[in-house]
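>>> Sequence below, structure please.
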Amino acid sequence: MYLCHNHLIIRDALVSDAALLCQWWNNGAVMEHAGFPQGIHTTIEQVTAQILQETGPKYRLIIESHQIPIGEMCYQDMGNHTAQIGIKICELSFQNHGLGSEILSLFCKSLFEDYGFTKIILDTMLENKRAQHVYEKLGFVQTAINRDCWQDQTGKMRTSIDYTLLPSNFSPVIHLS
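Numbering: from 1, shown residues only. You can find the predicted model right below:
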């Protein structure tokens, strides 16, 4: 996948991205919103192997702004024209600038129009209010709250929220021609 809009690029993750992904995934400040406040304790070799395995139906992507890697995304074809997605803006200085809405607008448009998906699903932690705001602004609809559905690495029980986006509800925040 390669998507470009103004200064934003979404591209396939490469083996050469493994060290950066490893750095992000091991950073508790980056991974807290995903429920891993101590990071995930992975190695470059493990991340490299994961990138090499993710060639369908699951794909790992890198987000760039002005040619600087700032985060990562993934999507998985769940069958029945449904894509499950995830997104993290990992460079903390790029958070809270509206980039998540722009990136997801570009990504969801492509998943619907270029890849033929008719439903996009995702989940987020109950505490991640910033992400929930972005998802709802784009037209995602909350479909479930999963209370105390898993225990994080510190022993804290976590609650997640499931969201669904249909093309009829999609409201991109940028003009995408």
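>>> Correct me if wrong: residue 17 contacts residue 69.
Yes - using Cβ atoms under 8 Å, residue 17 is in contact with residue 69, at 7.1 Å. No exception for glycine: its C-beta is placed from N, CA and C like everyone else's.
>>> Overlap of the contact sets of these two?
Common neighbours of residue 17 and residue 69 (criterion: Cβ atoms under 8 Å, 6 or more residues apart in numbering): residue 62.
>>> Can you name every helix or strand that the longest helix anywhere in the chain contacts?
Scanning the chain for the longest helix, with DSSP state H as the assignment, gives helix 99-113. In terms of contacts (3 or more Cβ pairs under 8 Å, 6 or more residues apart in numbering; DSSP states H and E), helix 99-113 is packed against strand 2-5, strand 8-12, strand 68-79, strand 82-89, strand 119-125, helix 129-138.
>>> Okay, buried residues for the fourth one please.
For strand 82-89, the buried set under the neighbour-count rule, 16 or more other Cβ atoms under 10 Å, comprises 83, 84, 85, 87, 88, 89.
>>> can you put these in TSV and add distance to residue 25?
Below are the buried residues of strand 82-89 laid out as TSV (distance: Cβ to Cβ, whole Å):
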residue	distance to residue 25
83	22
84	19
85	17
87	14
88	9
89	14
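>>> Nearest to residue 115 among these?
residue 83 (7.2 Å; Cβ to Cβ).
>>> And the pLDDT for the closest one?
Here the pLDDT value assigned to residue 83 is 98.
>>> Any figure for the gap between the residue of the chain positioned farthest from its centre and residue 33?
Each residue of the chain has a distance to the centre, and by Cα atoms, centre = their mean the biggest one is for residue 155: 24.5 Å. When distance is defined by Cβ to Cβ, to the nearest Å, residue 155 is 18 Å away from residue 33.
>>> for residue 115, same thing?
26 Å.
>>> Who has more neighbours out of these two?
Ranked by neighbour count (other Cβ atoms under 10 Å), residue 115 and residue 33 place residue 33 first, with 18 against 12.
>>> Give the closest residue to that one in space, chain neighbours not counted.
residue 128 (4.6 Å; Cβ to Cβ, 6 or more residues apart in numbering).
>>> Can you pull up the most central residue in this protein?
residue 87 (1.3 Å).
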